[in-house]
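Chemist: Just need the structure, nothing else, for what follows:
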Amino acid sequence: MTGPDPQAFEKPDENMEKVAPVISRDRSEMEGQLKYDKGTDEALKFIGGHAVEVTEEADRRVRRKIDSRLLPWMCGLYLLQYLDKTALSYASSMGMKADTHMSTSEYSWTGSIFYVGYLVFEYPHNRLMQKFPLGKYLSICVILWGMVLSATAGTQNAAGVLAVRFFLGALEGAVTAGFVLVTSQWYPLKDQGTRCAIWFSFNGVSQIIGGVLAYGVYTGFEKAHYTFPSWKAIFLIPGLLTAVCGMFMYYFMPDSPVTARWLTEEEKHIAVERIRGNQQGIGSKVFKWSQIREVFTDIRTYLIFFFMVTVDIPNGGITVFFTELIESFGFDTEKTFLLAMPGGLVEVISLIGLSYLANKINNRMFCAVIGQLFGLLGMALMMGLSRSGVTAYPIGQLVGYYLMMGNTATALTLVLSVISSNTAGYTKKTTVNAIALVGYCVGFLIGPQTYRQSPAYPDAKWTTIAMWTFALLCCLALYFVNKRENDRRDKLAAELPPQPEGQEFLDLTDKENLKWPWEPNHSSRRGLLPVASGLFVFLTAIASVSFLLAPVLRRLHLQFGLTLFDYGFYGLYPTRHYVSFDLASPDVELARWDSRCSDDYVFMAPHGKPIEGSWPLILDARGNLVWTMPTVDTTQDFHVQEYLGEKYLTYWHGENLNGHGLGSWSMLDSSYVHRFEVVTIGDFDGDLHDFQITSNGTALAVIYDLQAANLMGQGGPQSGFIYDGVFQEIDIATGNLLFEWRTSQHVPLDSSYKTLGVGGKDRSLPWDPYHINSIDKDEAGNYLVSMRHTHALYSIDGTTGEILWTLGGKANQFIDVSDGQATNFAWQHDARWRDNRTITLFNNNAKDFLGPVTQSRGMILDIDVSNRVVGLRASYFHPEGLRAASQGNVQILPDSGNVFIGWGHCAAYTEFAPDGEVLCDTHYAPSNWFQLSILFSYRVYKSSWVGRPLTIPAAAVIGDSVYVSWNGATEIVAWRLELWDGSDLNDMNFLPSTIVEKNGFETKIELPKALPNIYFRVVALDDQHDVLGRTEVLAKHRKTTFAEALWNIWNMMSRAVLITVLMLVCCVILAIFWIWTLWPSRFRCHLGRRFRFQPVSTDEHTAIPLMNNNHDHAD
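Modeler: I've put the predicted structure just below:
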């Protein structure tokens, strides 16, 4: 074999200079040997000018081995480096700025100075990576960077933070540049874009893990009450982990395919042969000034530089201020950490998806433009929605944030892969790489300085729009420059001599090698047609499915612009947990709040799928727990009633059997002591639908009685079964039955709107034609009965039981002066007399999920019984247009005249002004899923109440704090800490210390740190500071151990972990998709197959390139 002729590498244009020789001729060449210059690429030295035949199976085998040994290091370290960058943003939300006495301007500079160090050391890194072994150099930088990051925890002022950030940037500058070089050394051009996307996508995974880490550290340290600030831990944990990873990387990560210890000699030849088609080799150690000159005469260098600057000015600010952006939407610190996580998932999906598309259509610039457009759309959403107020439309702004955050790196990654695959000549490649990363640094240096006008940061948002638009234009310009040059070279192709053997490894630049093509090439044009067709089919399918599902979606009441709570982000039944109290309470969402709302207490008994059973709850006006009690049975209809001048808490408890109850009613006094148990008379069980105490000391109770009935008139069997509606009036003191009334004796079956369906055929499934759901008694002693399934209210004579009149339904006897609005109620609940001319009721106007799309409402009716005239005084609709398919109630509050409505089937309660203005609206489950009947309370009431429990206050000591609560006590306004005076332990005397205002159900009180071991107690005070009760004597505990702190962190992270697992599952699915796409033969090959190295004759070999010149080489 003879060496290649240097004349073959000269360009046909006489004005173009010759290539610097890397192969010299002497007598040894005539004898069949090549003598290599020191500037020769290492790959050519290794293979000795010989080509190796690579079978497809061998190529797959070596590729899998390289992926399994290189990608984990690159992905893991890129995850850590982005976690290091975002740690500053997390730390700022944890109190770092306050602890280091840092101003907003200084904080902005902590983001910028990182990139000053990055910028200063970027080119030295690239030069040193050319001179020294690449893997070892990167490993040393990683170890030092981990140590410097850990040192951030030791800083105590802004100057210290700035110094550490400078050196951190200086060391991290080697990572991205080094990984681009590693990718170009190990992978053919067709694989470089996808591999860059894979390791770069771990920025997104880092956001997911970083959100969990920040949330866990912040809440865990708060829970454990460490004096060590949580923000320092957010630097120590990733810093130490990075340093350890760097140590392992030093040993396991090779410098090039030639030096990889985990490749056999045969596999090393295959690895080098795989990159022959790159026309780049694996790198030369010689610095070539001719290639430096070419860098600065190539327009692509400037396009890449300006792209990097303009795309990274927004990125630099976002990386430092992203938590403050989310907080500006109105979310607290803990929620901010959690809400940052989905942005990482969107980034992973965007990066991998668009890189896959770029690989398929062989056009990375096209996909970079798409990613840039999505980012612009996200920022435009944030800007547009915030014009109504910084916290306006928080969910819409959050969606915009995810679109923006998820595409900050998409175009950047694709352009980085362009540098890897489009630039040839090792000196030129490292120089262009350095110039690109200098632009990257300049952008990140400027970016934080644009965030000056908190909390909305309008200038920063406008800057983002402008810079990303310019970056998009740079992408398009790069596309057309490459296309024009490719067309020119296609015309010259016929005039060029054949490519000499070994030319691929002669360290030629992309301009010196006229066989070099830039993307886009001809195949990319063909690839756009199926992409466009696929998008068209996808959008058509989405439109079609939306059209078909529209009726169902309308019934689901899905909405946009809701809070995270109402979307279900915090679970189907968000709860609050306490340190001093074992039971949980609902964590409600105050969708609206107005000071004109009553300060009375809220009484409810929620139940449904997310919770086991149900129990009574008292909440204050803002949703804080006041009292609760676990019950064995299901609890319903919990509220305050007056019996013989004293207030009692009453509730039904028993077994809920398909919407009908088998149980009885309990009455508790103000000390929460059980005083009365009311049961029905006869062979009946009390039903859950209503229990009313009258002013005469009697109780009205509903019963559902299973009866045989002839249902032939309704199309059913002659011997059918129904639920007959019964109610009784019972003397509470004696238990005597005073009155009983049975519906079937007075109301015909054909009055019902409830269809027979499959019901009524046997005892296990009776028909319910009436469905009594409320009873009331007027001043004349007559009863007002509501029957849901007849759409009617009935007045029953208190003596004879005859029906005096019927309002609504098929037998309506009233003239409706409101054009039918007062009598057209349907499936109603909770009809009550307010005075002898006013009735309130809850008009469900809905039967079930599949019924017509309607709205429920509270109604106040003006009724003239003597003249049989009725009119609608007022209607009260929920602000979100709720449709409660069942349950619900209406109150007129006595002091203010406000109207209070519990929405039954929908987990909400609302207080209206008399004129219908919505004052306060509270949700105790996500409103977007109300229609699925996930959680509800049969009725929700608002009443005054004074609770004086017989128990003592509960307290728990954690670290330097004591948590205190008193279940059911309503008169507490403050807590007083009392310290033991150090006298006789047998007769302890306590001295008053701190007074802390009551804060919700449980109050946290800080203990004096100067007294490490003390006894103390906490005293509950009323508004006159009189003592209501005292805790038992408590002792200050030892400090929490690190293991206990970790356990607390884990407990507090439970919700975040669940969210993270879901997101990581999505990442795993994407990874499986990638494995199937990139290595499909992995699933088809037998594990027993062995790689075969097939040497060929040096005289008649034919190199089989891994890709031809028509494949993707660059953008």
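
Chemist: Hmm, Ile304 is touching Ala477, no?
Modeler: No - assessed by CB atoms under 8 Å, Ile304 is found out of contact with Ala477, at 10.4 Å. Using the backbone N, CA and C atoms, a C-beta is placed for each residue, glycine as well.

Chemist: Give the residue from those two that has the larger number of neighbours.
Modeler: A count of neighbours by other CB atoms under 10 Å puts Ile304 above the other of Ile304 and Ala477, at 25 against 17.

Chemist: Could you report the pLDDT at that one?
Modeler: Reading off the confidence values, Ile304 has pLDDT 85.

Chemist: do the same with the one 10 residues further on
Modeler: On the pLDDT scale, Pro314 is placed at 83.

Chemist: Low-confidence bits of the stretch 1-150 of the chain, can you list those?
Modeler: 1-52, 104 (pLDDT under 70).

Chemist: Mind jotting down where the helices sit in it?
Modeler: Assigned by DSSP state H, counting those that start in this stretch, the stretch 1-150 of the chain shows helices spanning 27-30, 42-47, 56-93, 96-99, 104-131, 134-151.

Chemist: would you turn those helices into CSV with mean neighbour count?
Modeler: As requested, the helices of the stretch 1-150 of the chain are arranged in CSV below (neighbours: other CB atoms under 10 Å):
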stretch, mean neighbour count
helix 27-30, 11
helix 42-47, 21
helix 56-93, 21
helix 96-99, 18
helix 104-131, 20
helix 134-151, 22
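
Chemist: For Asn845, give me its contacts.
Modeler: 825-827, 854-857, 883 (CB atoms under 8 Å, 6 or more residues apart in numbering).

Chemist: sec struct for Glu677, please.
Modeler: Classification of Glu677 by DSSP: H, G, I helix; E, B strand; the rest coil places it in strand.

Chemist: For it, grab the count of nearby residues.
Modeler: 12.

Chemist: so what's it up against?
Modeler: Contacts of Glu677 by CB under 8 Å, 6+ apart are 664-667.

Chemist: ok, back up a step: ok, of the contacts of Asn845, which one's closest to Cys441?
Modeler: The closest of those to Cys441 turns out to be Arg883 (CB to CB; 56.2 Å).

Chemist: sorry, back to before: most neighbours among the contacts of Asn845, which one?
Modeler: Ranked by the number of neighbours (other CB under 10 Å), the contacts of Asn845 place Ser856 first, at 28 neighbours.

Chemist: Quick one, which of the contacts of Asn845 has the minimum pLDDT?
Modeler: Out of the contacts of Asn845, that is Thr854, at 79.

Chemist: would TSV of the contacts of Glu677 with secondary structure and pLDDT be doable?
Modeler: Listed next are the contacts of Glu677 as TSV, based on DSSP: H, G, I helix; E, B strand; the rest coil; pLDDT from 0 to 100:
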residue	secondary structure	pLDDT
Ser664	strand	96
Trp665	strand	96
Ser666	strand	96
Met667	strand	98
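
Chemist: can you tell me which two in the residues you listed are farthest apart?
Modeler: Pairwise across these, and taking CB to CB, the largest span is found between Ser664 and Met667, at 10.6 Å.

Chemist: Need the residues touching each of those two.
Modeler: Here Ser664 and Met667 share the contacting residues 677-678, scored by CB under 8 Å, 6+ apart.

Chemist: picking that back up, quick one: which of the helices of the stretch 1-150 of the chain is nearest Lys942?
Modeler: helix 56-93 (36.8 Å).

Chemist: Would you convert the contacts of Asn845 into a markdown table that also reports secondary structure and distance to Met383?
Modeler: Formatted as a markdown table, the contacts of Asn845 follow (DSSP: H, G, I helix; E, B strand; the rest coil; distance: CB to CB, whole Å):
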| residue | secondary structure | distance to Met383 |
| --- | --- | --- |
| Phe825 | coil | 46 |
| Ala826 | coil | 46 |
| Trp827 | coil | 46 |
| Thr854 | coil | 38 |
| Gln855 | coil | 34 |
| Ser856 | coil | 37 |
| Arg857 | strand | 38 |
| Arg883 | coil | 35 |
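
Chemist: Can you get me a residue count around Val481?
Modeler: Neighbours of Val481 under the rule other CB under 10 Å: 16.

Chemist: Sticking with it, tell me its helix or strand.
Modeler: In the assignment (DSSP states H and E), Val481 maps to helix 458-492.

Chemist: Can you give me the buried ones in that helix?
Modeler: 460-461, 463-464, 467-468, 471-475, 477-479, 481-483, 485-486, 489 (16 or more other CB atoms under 10 Å).

Chemist: Kindly report the same for stretch 240-256.
Modeler: 241-243, 245-246, 249-250, 253-256.

Chemist: pLDDT below threshold where in the stretch 751-900 of the chain?
Modeler: 848-853.

Chemist: do you know how far Trp593 is from Thr910?
Modeler: As for Trp593, its distance to Thr910 is 11 Å (criterion: CB to CB, to the nearest Å).

Chemist: overlap in contacts of the two?
Modeler: Listed as contacting both Trp593 and Thr910 by CB under 8 Å, 6+ apart are Cys920.

Chemist: Between the two, which has more neighbouring residues?
Modeler: Comparing Trp593 with Thr910 by other CB under 10 Å, the one with more neighbours is Thr910, at 26 against 14.

Chemist: Helix, strand, or coil at that one?
Modeler: Put simply, Thr910 is strand when judged by three-state DSSP.

Chemist: so how far is Ser139 from it?
Modeler: With distances taken as CB to CB, Thr910 is found 62 Å from Ser139.

Chemist: same check, this time on Asn486
Modeler: From Asn486 across to Ser139, the span is 39 Å (CB to CB).

Chemist: coming back round to it: would you tell me which one of the buried residues of stretch 240-256 comes nearest to Asn624?
Modeler: Leu241 (40.2 Å).

Chemist: these two touch, right, the closest one and Gly146?
Modeler: Yes - counting by CB under 8 Å, Leu241 touches Gly146, with 7.3 Å between them.

Chemist: Just to be sure, Phe322 is in a helix?
Modeler: Yes - counting by three-state DSSP, one finds Phe322 located in a helix.

Chemist: List the contacts of it.
Modeler: So Phe322 contacts 86, 89, 340, 343, 401, 405 (CB under 8 Å, 6+ apart).

Chemist: Asp84 now?
Modeler: Asp84 neighbours (CB under 8 Å, 6+ apart): 145, 149, 168, 172, 238-239, 242.
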